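>>> Show me the folded form of this:
(chains A and B)
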Number of protein chains: 2
Amino acid sequence: LPKSSEDRLLSWLRQQIAKEWGEESLLGDDAALLPTRSFAVTVDSQIAGVHFPADLPETVLARRLLAVNLSDLAATGAQPAYGFLALAATAGFDHRRFFKAFLTACRSFGVRLAGGDLARHPQATTASLTLLGTRPSGGRFLRRSQARAGDGLWLSGTVGESAAGRFVIASGARFDGRKVTLPARLDVPALRAAARQAVLRHLLPEPHLALGRWLGRQPRAAAIDLSDGLALDLSRLATESGVGALVTTPELPFSDRFRELCAAIDRDPEALALGGGEDYVLLFTLPAGRRPPRPFHCTEIGTITSDRRLRQVGAGEVGRTEDLPILGWDHLTGK
Amino acid sequence: LPKSSEDRLLSWLRQQIAKEWGEESLLGDDAALLPTRSFAVTVDSQIAGVHFPADLPETVLARRLLAVNLSDLAATGAQPAYGFLALAATAGFDHRRFFKAFLTACRSFGVRLAGGDLARHPQATTASLTLLGTRPSGGRFLRRSQARAGDGLWLSGTVGESAAGRFVIASGARFDGRKVTLPARLDVPALRAAARQAVLRHLLPEPHLALGRWLGRQPRAAAIDLSDGLALDLSRLATESGVGALVTTPELPFSDRFRELCAAIDRDPEALALGGGEDYVLLFTLPAGRRPPRPFHCTEIGTITSDRRLRQVGAGEVGRTEDLPILGWDHLTGK
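This next block holds a predicted model:
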């Protein structure tokens, strides 16, 4: 199965921990599930110039930071509880503006800000958020390792749109916290709505917490949040479960006019969907025949297999399959 | 009582939380003490060029990051348990070297690395560590708010040496993980040992965890770790407890040849002790007459007062007191 250089480092790290502690590593899911206490813990960072444009309003950064972290809790089926923020901002950063938006967003998701660390950063505003979530009563935590051959493979939303939004921003679009302004080339009737939506999808993803909790009440489910592209994150889920997967859907779930938008920004839609990253939808498995309630808008895209390979149904001959292209976001190389 | 711009922002933030949540803020101690579960949680960052020299070996950064965070757990009397690391490193950073040293250090303190986030940073390696500590059986968590008029005021080590070490490094000293090399001016018999020791004290502080746990077994104790200078951190402890303090010791606890070293680097020893920061010793209070066991090497430096002022016994006339100079490290302005 394909691995990014980050994954290779993590494999090494887990081996070191196994050697060092003589016990199973706690690493390997979207949030750590701590033994003896029912807490799921996750940490994620947002760095100016890497994860968001340096001129992004503080209010949007605040909401994005929280949403991206909450998506990790969603993937473990946890109920958000406490937040710890390490914020290192450059000169001119409006802390109060940031915190007002951050507290409002925290409140709407049931997160209490319980601590943190403030520093100045000489070059690039860097924010790390640690979230603690609790196990909902009557539910269990979700793991990446619970997929079994024959399970259905599902996505809880469209893929590739966030990555398209990143390229729309790179081509000059801006979001001031209220409205998106587009470069003239994209500010045309056929593309305007899709381009604006892609920018918002990229900057302000919606964590699928309710779905995560629903999955935690099913007899068995595996889940991962899509942060680094479908191919890489599916590979992670398959690795943890010791299985493979066959993508059977002729087309992945795309947002409205996604192909037209991709053509306008000169990107391949399949490549963005498989490797663009930052979709922040859940990729999950359920035993065959089970399906999530309709309001979650999930799409079944394939099946779990026993052969430890990632395959997709080919475009040509009926019944023919091919390897899933190895694409994905590598956090260490930034590619 | 004096406040840094960081403290003013935190006061505002705590008011916002009180308004927003209609309940007491969890902010205000070195680590958050979470209700209903016995966890203390702390987060701290280390940024290249701000908290450590950009050419510091990965092994030393790893040990420093952990030690600085553990000092916060020490100030709450917690037993270290789990760590979550957000590491954003620049190109060329040796992750494996870092993690080997980090895991070794974690092991020696009973910390399990349980999760984290890896990213590249375009300009400055930035690491944030979140630690969860448990309440030791038979002990309680320490708060900043438990000081009462008449209590003794104590320090668990010398002050100012770490700040002196920072200036020794700025003047050209380097630590390669094994030995300290000094600029010629300081590499002389009268200063060599003190200068080397100051560099090590700055880069590799020792968290006073055993003392913190001992304090947690006393009937009443207040504690804070000295990260931003005695004056500012004493002000924080006094503010949280609604008290003042009188420093009665004619000289604060200084390391060997500290005055000579300060003269050589052209710094005022009292100013470094009161405002240099990063001492990572505990400042704590105990009811009058109580004293920590000798092996902890603590020094009683004054008394808690009811008048909400920070004063020290003057150098001149007997019985005369003066205001403690308002000095300290401000994380938002970096001064």
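>>> Can you report how many residues neighbour the residue nearest to residue A:1 when sequence neighbours are not counted?
Once flanking residues are discounted, residue A:1 sits nearest to residue A:235: 4.6 Å by CB to CB, 6 or more residues apart in numbering or on different chains. All C-beta spots, glycine's among them, are computed from the backbone N, C-alpha and C. Close neighbours of residue A:235, defined as other CB atoms under 10 Å in any protein chain shown, add up to 24.
>>> and what of the one 4 residues further on?
Residue A:239 is flanked by 19 other residues according to other CB under 10 Å.
>>> Same check on residue A:255?
For residue A:255, the count of nearby residues is 18 (other CB under 10 Å).
>>> now the strands for the stretch 101-250 of chain A?
Using DSSP state E, counting those that start in this stretch, the strands of the stretch 101-250 of chain A run over A:112-120, A:126-134, A:152-155, A:174-175, A:180-181, A:222-225, A:244-247.
>>> now the last one, how far from the chain's geometric center?
The offset between the C-alpha centroid of strand A:244-247 and the centroid of the whole chain comes to 19 Å, using CA atoms, centre = their mean, to the nearest Å.
>>> which is the next helix or strand following it?
Sequence order places helix A:258-264 as the next helix or strand after strand A:244-247, per DSSP states H and E.
>>> circling back to that earlier point, mean pLDDT lowest for which of the strands of the stretch 101-250 of chain A?
The minimum mean pLDDT among the strands of the stretch 101-250 of chain A belongs to strand A:112-120 (a mean of 84).
>>> Tell me if that one is near chain B.
Yes. For a cut-off given as CB under 8 Å from any CB of the partner chain, strand A:112-120 has contacts with chain B, namely A:112, A:113, A:114, A:115, A:116, A:117, A:118, A:119, A:120.
>>> looking at the sheet around the fifth one, what are its partners?
According to DSSP bridges, the residues that bridge with residue A:116 are residue A:85.
>>> residue contacts, the closest residue to residue A:306 other than its chain neighbours?
Closest residue in space to residue A:306, ignoring its immediate chain neighbours: residue A:149 at 3.9 Å, by CB to CB, 6+ apart. With contact set as CB atoms under 8 Å, 6 or more residues apart in numbering or on different chains, residue A:149 has these partners: A:243, A:304, A:305, A:306.
>>> and of the residues of strand A:112-120 next to chain B, the nearest to residue A:47?
Of all those, residue A:119 has the smallest distance to residue A:47: 13.8 Å, by CB to CB.
>>> That closest one and residue A:291, how far apart?
In this structure, residue A:119 and residue A:291 are 47 Å apart, going by CB to CB, to the nearest Å.
>>> Quick check on residue A:87: phi, psi?
When read as degrees, to the nearest 10, the backbone of residue A:87 gives phi -120, psi 120.
>>> Surely it touches residue A:118?
Yes. Using CB atoms under 8 Å, residue A:87 is in contact with residue A:118, at 5.6 Å.
>>> between those two, who's got more neighbours?
Set side by side, residue A:87 and residue A:118 show more neighbours around residue A:87, with 29 against 19, by other CB under 10 Å.
>>> Contact partners for the closest residue in space to the more buried one that isn't next to it in sequence?
Residue nearest to residue A:87 in three dimensions, not counting chain neighbours: residue A:127, with 4.9 Å by CB to CB, 6+ apart. Applying CB under 8 Å, 6+ apart to residue A:127 gives the contacts A:45, A:46, A:47, A:61, A:65, A:85, A:86, A:87, A:88, A:89.
>>> Distance-wise, check the residue nearest to residue A:1 relative to chain B.
For residue A:235, the distance to chain B equals 17 Å [CB to the nearest CB, to the nearest Å].
>>> low-confidence ranges in the stretch 151-300 of chain A?
Within the stretch 151-300 of chain A, no stretch has pLDDT under 70.
>>> Which single residue of it ends up nearest chain B?
Proximity of the stretch 151-300 of chain A to chain B (CB to the nearest CB) peaks at residue A:227, 10.0 Å away.
>>> Contact partners for that residue?
Counting by CB under 8 Å, 6+ apart, residue A:227 has contacts A:68, A:71, A:233, A:277, A:278, A:279, A:280, A:329.
>>> State whether the first one is indeed within a helix.
Yes. The assignment for residue A:68 (DSSP: H, G, I helix; E, B strand; the rest coil) places it in a helix.
>>> Enumerate every residue touching the nearest residue to it once chain neighbours are set aside.
Once flanking residues are discounted, residue A:68 sits nearest to residue A:44: 5.4 Å by CB to CB, 6+ apart. By CB under 8 Å, 6+ apart, the contact set of residue A:44 is A:65, A:68, A:69, A:72, A:128, A:129, B:86, B:117.
>>> Next, the angle strand B:39-47 makes with the helix or strand encompassing residue A:44.
Element membership for residue A:44 (DSSP H and E) is strand A:39-47. Here strand A:39-47 runs at an angle of 20 degrees relative to strand B:39-47 (axes from the mean of the first three to the mean of the last three CA atoms, to 10 degrees).
>>> Much appreciated, bye for now.
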